[in-house]
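S.K.: Coordinates only, no sequence provided:
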């Protein structure tokens, strides 16, 4: 059922029947270390390049998610996946051996929200019985592509964020048990003219505001209806901007706003500047931390809104600004049936 062009209620409220989070050394040293299914201390993941290592992250996430659901590859009707690398090669090389029908997606750091949204819509509409969404990021591959190779030794600015070496995967099925996917809002591209590739939070916060505010307008819900309004990886700068944008509308989200970029690492013990970023940030925090807590009933409702900066380093170096996107998914312990 549609409330607007952007916001849709899912009439059959599909279930997320399993999820898996894979991390690296930095993630294991952070406050959420206990919520990962597997930790890789080796950034190469026993391969010979960082890019191949990122593909291993995706492969591990998919294997764990399928096994935890007690399924086989043949049980998955469609897989949605993407990452930060050019042509999403982290995904394509990571999942090529599974022989699962595949739809590649690109939403930058919003990819997990986009993948969950699309998997849920496919299942809700009867186009798939089981759909899988997966994403990843890797600190070393992202630095090489978006900034400088590690051996350059460049200094990061205070507004920069640390790309998570992490992956997340989840399986959506017809209504079974919580967590249930209740509704979603498809985001619009928002560009406020930010050109600093080391300040992604400022670039993405307006997109998060537009999507979350659209969801509230369409549904009549408010921040207090959720245990947490979860954003992907706005970090310190973007989270502050988001809260200030809502305050202009006389809406307070500070009390229950949670940002995956602020949750993944310890600011006291880890040098991460403004926080975490990357597809694997929101992907792993959702799959490892939030979904199990919703399944158990410790958390009842979240609005999960991952954010992405849709930039190309080439175009950015040519002086273009950074367009951003955010997609929102309402995930609940209750299916909504009376």
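M.R.: Perfect, thanks for sending it. Predicted model, so just to flag it, every value in this text is computed and none were measured.

S.K.: how about the strands in this structure?
M.R.: Counting by DSSP state E, the segments of the chain that form strands are 7-9, 15-24, 38-40, 78-82, 102-104, 130-137, 162-163, 166-173, 180-185, 228-231, 257-259, 276-277, 301-309, 324-332.

S.K.: Export the ones you listed to JSON lines and append columns for mean neighbour count and distance to residue 251.
M.R.: For every residue, glycine as well, the C-beta is placed using N, CA and C. What follows is the strands of the chain, written out as JSON lines (neighbours: other Cβ atoms under 10 Å; distance: least, Cβ to Cβ, whole Å):
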{"stretch": "strand 7-9", "mean neighbour count": "19", "distance to residue 251": "17"}
{"stretch": "strand 15-24", "mean neighbour count": "26", "distance to residue 251": "28"}
{"stretch": "strand 38-40", "mean neighbour count": "17", "distance to residue 251": "38"}
{"stretch": "strand 78-82", "mean neighbour count": "25", "distance to residue 251": "31"}
{"stretch": "strand 102-104", "mean neighbour count": "16", "distance to residue 251": "35"}
{"stretch": "strand 130-137", "mean neighbour count": "32", "distance to residue 251": "29"}
{"stretch": "strand 162-163", "mean neighbour count": "26", "distance to residue 251": "30"}
{"stretch": "strand 166-173", "mean neighbour count": "32", "distance to residue 251": "29"}
{"stretch": "strand 180-185", "mean neighbour count": "25", "distance to residue 251": "16"}
{"stretch": "strand 228-231", "mean neighbour count": "27", "distance to residue 251": "10"}
{"stretch": "strand 257-259", "mean neighbour count": "23", "distance to residue 251": "11"}
{"stretch": "strand 276-277", "mean neighbour count": "34", "distance to residue 251": "25"}
{"stretch": "strand 301-309", "mean neighbour count": "29", "distance to residue 251": "13"}
{"stretch": "strand 324-332", "mean neighbour count": "27", "distance to residue 251": "15"}
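
S.K.: For the ones you listed, which has the smallest mean pLDDT value?
M.R.: Mean pLDDT is lowest for strand 162-163 out of these, coming in at a mean of 84.

S.K.: Return the list of strands paired to that one, each annotated with direction.
M.R.: Pairing partners of strand 162-163, with direction, according to DSSP bridges: strand 276-277 (parallel).

S.K.: for residue 267, what are its contacts?
M.R.: residue 275 (Cβ atoms under 8 Å, 6 or more residues apart in numbering).
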